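Student: need a structure here:
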Amino acid sequence: MIEKVQHFNTLLFQEREPGIGLITMNRRDQLNAINMEMLGEFRELFQALTDDDTIRVVIITGAGRGYSSGADLKDAVTHKDTAVFADPETFLKNVQEQYSDLIIGMRKIPQPIISAVNGPAAGGGFCMALASDIRVASPEAYFVASFINIGLSGGELGSSFLLPRLVGLSRASDILFTGRKVMADEAEKIGLVSRVVPKEELVEAALSYARMMVVKSRGGLKLTKRVLDENLFASSLQTAINLENRNQTLMIFSGEFFKLIQSFYKG
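Tutor: This is a model prediction of the structure:
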């Protein structure tokens, strides 16, 4: 089982309430920039969460004044002349895929993820917010797909897949091509975040969602996350319904359905 409070070097994990895990990115002096050590600690924590179903919902936030400024660019400068940058294949394996695995890991764990965005969410931090199931933000929050601002493609860490599905292709094109800041009020308006609340109420707002979710069955939460992922690119309505039919049949025979419907049944 995951310890109720677990310290890493770059992350803090605590079971904030029964069944609700809170992950805090904890490099506040670097605006919670993501480095290779943090990626390794996320991998370790995600594996523990996958193996321990006592945690049903996960909240991710950042320490200090921001969510995450994205990849730690000092790493790139430091290692520019090392073997990591020797050729594209080496870089792909040792850097690019390591970062993208963070996003895959967020989607693979069975627990729904709520991001509490308390300040800048830029680059990889922006993509982490996109990869979450629900996003809440403080007025100080803003979102930046900063890749195109530093000579890269706007498509990074799933942004070209996730963002159009959240806000539509036209708005996603606007955000990815320009690399501009999307402030919290605009993010709420376009559906990028569910709520904007004062910073001091942000974690409580995330917890309010988590509390509604944590009382649901483990299988119900897990299969809802899976069906949303799979049916994003279902080939047809029938294909989507076939998966839903399978999931509902599994859940009806899981043992909880007939217990939970008692309060609705008056016959």
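Student: tally of neighbours for the closest residue to Ile23 other than its chain neighbours?
Tutor: Using CB to CB, 6 or more residues apart in numbering and skipping residues adjacent in sequence, the residue nearest Ile23 is Ile60, 4.7 Å away. For the C-beta atoms, the positions are set from N, CA and C on the backbone; glycine is no exception. Using other CB atoms under 10 Å, Ile60 has 25 other residues around it.
Student: which elements pack onto the helix or strand Ile60 falls within?
Tutor: Using DSSP states H and E, Ile60 sits in strand 57-62. Where contact means 3 or more CB pairs under 8 Å, 6 or more residues apart in numbering; DSSP states H and E, strand 57-62 is packed against strand 20-25, strand 113-117, helix 202-214.
Student: excluding chain neighbours, what is closest to Ala71?
Tutor: Gly124 (5.0 Å).
Student: how much space between that neighbour and Phe147?
Tutor: 9 Å (CB to CB, to the nearest Å).
Student: what about those two, which has more around it?
Tutor: Ranked by neighbour count (other CB under 10 Å), Gly124 and Phe147 place Gly124 first, with 26 against 23.
Student: so that one makes contact with Ser68?
Tutor: Yes - using CB atoms under 8 Å, Gly124 is in contact with Ser68, at 6.7 Å.
Student: between the two, what contacts are shared?
Tutor: Common contact partners of Gly124 and Ser68 (CB atoms under 8 Å, 6 or more residues apart in numbering): Ile34.
Student: let me know the secondary structure of Arg43.
Tutor: Of the three states, Arg43 takes helix under DSSP: H, G, I helix; E, B strand; the rest coil.
Student: I figured Glu37 hits Asn9, correct?
Tutor: Yes - using CB under 8 Å, Glu37 is in contact with Asn9, at 6.0 Å.
Student: pick out whichever of those two has more residues nearby.
Tutor: Glu37 (15 against 11).
Student: run the chain-centre distance for stretch 216-233.
Tutor: 15 Å (CA atoms, centre = their mean, to the nearest Å).
Student: if you count neighbours, what's buried in it?
Tutor: 217-225, 227 (16 or more other CB atoms under 10 Å).
Student: so which of those residues is the closest to Phe161?
Tutor: Lys225 (16.1 Å; CB to CB).
Student: residues touching that closest one, list them.
Tutor: Lys225 sits in contact with 110-112, 133, where contact means CB under 8 Å, 6+ apart.
Student: quickly note the distance from it to Gln14.
Tutor: 22 Å.
Student: C-terminal to the helix or strand of the chain with the lowest mean pLDDT, what's the next element?
Tutor: Here the helix or strand of the chain ranked lowest by mean pLDDT, DSSP states H and E is helix 73-78, holding a mean of 70. Following helix 73-78 in sequence order, the next helix or strand is helix 88-91 (DSSP H and E).
Student: just the element for Ala48, please.
Tutor: helix 36-51.
Student: buried stuff in that helix?
Tutor: So, applying 16+ other CB under 10 Å, buried residues of helix 36-51: 36, 38-39, 41-42, 45-46, 48-49.
Student: got a markdown table for the residues you listed, with distance to Leu260 too?
Tutor: Formatted as a markdown table, the buried residues of helix 36-51 follow (distance: CB to CB, whole Å):
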| residue | distance to Leu260 |
| --- | --- |
| Met36 | 44 |
| Met38 | 39 |
| Leu39 | 39 |
| Glu41 | 37 |
| Phe42 | 34 |
| Leu45 | 31 |
| Phe46 | 29 |
| Ala48 | 29 |
| Leu49 | 25 |
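Student: closest one to Met213 out of those, please.
Tutor: Leu49 (14.9 Å).
Student: pLDDT wise, what is that closest one at?
Tutor: Predicted confidence (pLDDT) for Leu49: 95.
Student: and the closest residue to Phe126 other than its chain neighbours, helix, strand or coil?
Tutor: Distances taken as CB to CB, 6+ apart put Phe143 closest to Phe126, at 5.2 Å, once the chain neighbours are dropped. Here Phe143 is recorded as strand under three-state DSSP.
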